[in-house]
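Chemist: Structure for the following, please:
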Amino acid sequence: MVRIYTIKGCPYCEELKELLTRDNVEFVEVDVSLEENQKEYDKLFEITKSDDVPIVKVGKQILVPNVSFKTIEECCELTKKFLNT
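Modeler: All right, here's what the predicted structure looks like:
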């Protein structure tokens, strides 16, 4: 399962969602600015120490901007790679 942690209005988040949709990758979007998602995001922040978005979780793999990937295209490719392993 793919979870994408986003913030409304984030152009990088929108680009990633468009690329994954184009490539038929199913995902669940988690808007981290919503109060109901705060606990989940706090746990993710403890692990990643990053408040950048989009953060992508594929199974146990966590992809963090500027750590795991430099471009949204790279994030999309890594997401697909981890789905297929």
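
Chemist: for the protein, what spans make up the helices?
Modeler: Here the chain has its helices, by DSSP state H, at 11-22, 38-48, 72-83.

Chemist: Flag every buried residue along the shortest one.
Modeler: Buried residues in helix 38-48, counting neighbours by 16 or more other Cβ atoms under 10 Å, are found at Tyr41, Leu44, Thr48. (Glycine included, C-beta is placed from N, CA and C.)

Chemist: The last one and Leu63 touch, don't they?
Modeler: So the one you mean is Thr48. No: counting by Cβ atoms under 8 Å, Thr48 sits too far from Leu63 to count as a contact (9.5 Å).

Chemist: hey, what's in contact with both of those two?
Modeler: Overlap of the contact sets of Thr48 and Leu63 (by Cβ atoms under 8 Å, 6 or more residues apart in numbering) consists of Ile55.

Chemist: outside of the lowest-mean-pLDDT helix or strand in the chain, which residues touch it?
Modeler: Least confident element among the helices and strands of the chain, by mean pLDDT, DSSP states H and E: helix 38-48 (a mean of 94). Helix 38-48 is contacted from outside by Tyr5, Val30, Val32, Asp51, Ile55, Lys57, Ile62, Val64, Val67, using Cβ under 8 Å, 6+ apart.

Chemist: cutoff 7 Å now
Modeler: With Cβ atoms under 7 Å, 6 or more residues apart in numbering as the test, helix 38-48 has contacts from Tyr5, Val30, Val32, Asp51, Ile55, Ile62, Val64.

Chemist: these two touch, right, Ile7 and Val53?
Modeler: Yes: Ile7 is in contact with Val53 according to Cβ atoms under 7 Å; the separation is 5.2 Å.

Chemist: Which residues are in contact with the one residue sitting closest to the centre of the chain?
Modeler: With distances taken as Cα atoms, centre = their mean, Val56 lies nearest the centre of the chain, 2.4 Å away. By Cβ under 7 Å, 6+ apart, the residues touching Val56 are Val2, Ile4, Leu63, Cys75, Thr79.
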